[in-house]
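Chemist: for reference, the sequence and a predicted model appear below.
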Amino acid sequence: MEQIQGGVTAAKGFEAAGVAAGIKYKDRMDMALIYSTEPCNVAGTFTTNIVKAAPVLWDKEIVEKSPFAQAVVVNAGIANACTGKQGMDYCHEEAKTVSKLLGIPENAVLVGSTGVIGMQLPIDRICAGIEELAAQKDGSIEAGHTASKAIMTTDTVNKEIAVSFELDGKTVTLGGMCKGSGMIHPNMCTMLSYITTDAAISKNLLQDALSESIVDSYNMISVDGDTSTNDTCLLLANGLAGNTEIVQKGEAYDKFCEALQMVNTYLAKKMAGDGEGATALFETVIVNAATKQDARILAKSVVGSSLCKAAIYGHDANFGRFLCALGYSGVVFNPEKIALFFESKAGKMLIYEDGVAVNYSEEEAAKILSEPEVTILVDMKMGTETATAWGCDLTYDYVKINADYRS
């Protein structure tokens, strides 16, 4: 398993583009296209929020019922959520435009939107943007990089990764890009994440692999506790690597899943660390929990706590906040038995054990908490299960960004 250069165009047969269509932003790109030269099996996971954006409803239908997918068009700035029938009609209009320009069926076109909720898309600019995307798309690494930048909203950096591995003597590649900075508390997958692969794998197993992967990647991040209306993760596989098609679970499937997990975990951490206004990636590792689910719940409870996030921002060794978040998680444990550590590149320090604080240096603890990546490690001493969750600190800038988000 090797990380290589690139993103969504790293796998064979995939092309991409990004353009400035003037959807909402006046100073940057805001539309992206991913296209496969061959039809793809497609898998998807979507928000569990009852209020679902039109693109989510459109894509769910494509994933569940279409024989294949071949293109994804995404806009930033306007979410096309809470837009009624007109919002759905605009999804159809996007698909019709892509279909006409690229010569593929309308039901092979997936759409995505991110941005302000409640505004209608400027469909004339959207369709003009699609024309530009179709004309500019290519399979270069730079084209994938450009596409990853074009889907950003409040993100401060673009997020992409590619990995390769061997199957049947063939090189198989997975590439991905995502966006996400605020309204992040997934309960299915991620904000917007698009993964491409040239692996030959059946549609059913592709869906199984994605559904399994999101549990310990995207579902383990939280920036602000808000599950978006637009959360979408799509995985497209065109089979151009030439490996023997994966049609049953076994060694080849496990290897594919390992690569997919590597991609999804990388992208999930990048989103958590780039939370709106964030200065630090905040990781919680639970070890020796009674069950895997207990470990997940405990870890997410800590990274989701506003008080814990504020303590990370202030580099404050206020361990009681972390214990409090563990205690209200709903998992039953004995607080007299657990051990809690602070850890970062600056060192590792035991803070609390067997019901009391240990004799630690506040100054050294603050140094550990001052790094750009900080870990709270908790030993539950109840079993053998572990889980990791990722979030970010809570800063003044988060409030500033979201107080005037629409403007």
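Modeler: In hand now; what should we look at?
Chemist: how far away is the nearest residue to residue 273 once chain neighbours are set aside from residue 111?
Modeler: If the residues on either side of it in the chain are set aside, residue 273 comes closest to residue 281, at 3.6 Å by CB to CB, 6 or more residues apart in numbering. All C-beta spots, glycine's among them, are computed from the backbone N, C-alpha and C. According to CB to CB, to the nearest Å, residue 281 stands 31 Å off from residue 111.
Chemist: neighbour count for the two, which is higher?
Modeler: residue 111 (27 against 23; other CB atoms under 10 Å).
Chemist: quick check: phi and psi at that one.
Modeler: Backbone torsions of residue 111, given as degrees, to the nearest 10, read phi -130, psi 160.
Chemist: quick one: the helices in the stretch 51-200 of the chain?
Modeler: Remark: helices assigned in the stretch 51-200 of the chain by DSSP state H, counting those that start in this stretch are 54-65, 84-102, 123-136, 141-150.
Chemist: out of these, indicate the one that is most buried.
Modeler: helix 141-150 (a mean of 23; mean count of other CB atoms under 10 Å).
Chemist: hang on, the earlier thing: Throw the helices of the stretch 51-200 of the chain into JSON lines and include mean pLDDT, thanks.
Modeler: Compiled in JSON lines, those are given as follows (pLDDT from 0 to 100):
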{"stretch": "helix 54-65", "mean pLDDT": "97"}
{"stretch": "helix 84-102", "mean pLDDT": "98"}
{"stretch": "helix 123-136", "mean pLDDT": "98"}
{"stretch": "helix 141-150", "mean pLDDT": "98"}
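Chemist: what bridges to the closest residue to residue 343 other than its chain neighbours?
Modeler: Spatial nearest neighbour of residue 343, chain neighbours left out: residue 375 (4.3 Å); criterion: CB to CB, 6+ apart. In this entry, residue 375 is beta-bridged to residue 283, residue 343, by DSSP bridges.
Chemist: you'd agree residue 375 is up against residue 340?
Modeler: No: Residue 375 sits out of contact with residue 340 when judged by CB atoms under 8 Å, with a separation of 11.1 Å.
Chemist: okay, the two: which has more neighbours?
Modeler: residue 340 (21 against 18).
Chemist: quick check: the more buried one is in a strand.
Modeler: Yes: with DSSP: H, G, I helix; E, B strand; the rest coil as the criterion, residue 340 is part of a strand.
Chemist: hey, which helix or strand in this protein has the poorest pLDDT?
Modeler: helix 396-403 (a mean of 87; mean pLDDT, DSSP states H and E).
Chemist: what's the offset of it from the middle of its chain?
Modeler: When C-alpha coordinates are averaged (CA atoms, centre = their mean, to the nearest Å), helix 396-403 and its chain have centres 22 Å apart.
Chemist: what does stretch 233-252 give?
Modeler: With CA atoms, centre = their mean, you get 21 Å for stretch 233-252.
Chemist: straight-line length of it, end to end?
Modeler: 23 Å (CA to CA, to the nearest Å).
Chemist: ok so, going back, distance to residue 263 added to the helices of the stretch 51-200 of the chain, as CSV?
Modeler: CSV is the format used below for the helices of the stretch 51-200 of the chain (distance: least, CB to CB, whole Å):
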stretch, distance to residue 263
helix 54-65, 19
helix 84-102, 25
helix 123-136, 24
helix 141-150, 13
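Chemist: mind checking which of these is nearest residue 357?
Modeler: Closest to residue 357 of the helices of the stretch 51-200 of the chain is helix 141-150 (CB to CB; 44.4 Å).
Chemist: ok, and what's touching the closest one?
Modeler: 5-10, 14-19, 28-34, 74, 76, 136-137, 158-160, 175, 177-179 (CB atoms under 8 Å, 6 or more residues apart in numbering).
Chemist: OK, contacts around the closest residue to residue 247 other than its chain neighbours?
Modeler: Once flanking residues are discounted, residue 247 sits nearest to residue 202: 4.9 Å by CB to CB, 6+ apart. The contact partners of residue 202, by CB under 8 Å, 6+ apart, come to 41, 245, 246, 247.
Chemist: give me the buried subset of these.
Modeler: With neighbours counted by 16 or more other CB atoms under 10 Å, the contacts of residue 202 contain buried members at 41, 246.
Chemist: in helices only, show me the contacts of residue 202.
Modeler: Counting by DSSP state H, these place none of their members in helices.
Chemist: emit the ChimeraX select command for whichever of the contacts of helix 141-150 are buried.
Modeler: A single ChimeraX command selects the buried members of the contacts of helix 141-150 (16+ other CB under 10 Å):
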select :6,7,8,9,10,14,15,16,17,18,19,29,30,31,32,33,34,74,76,137,158,159,160,175,177,178,179
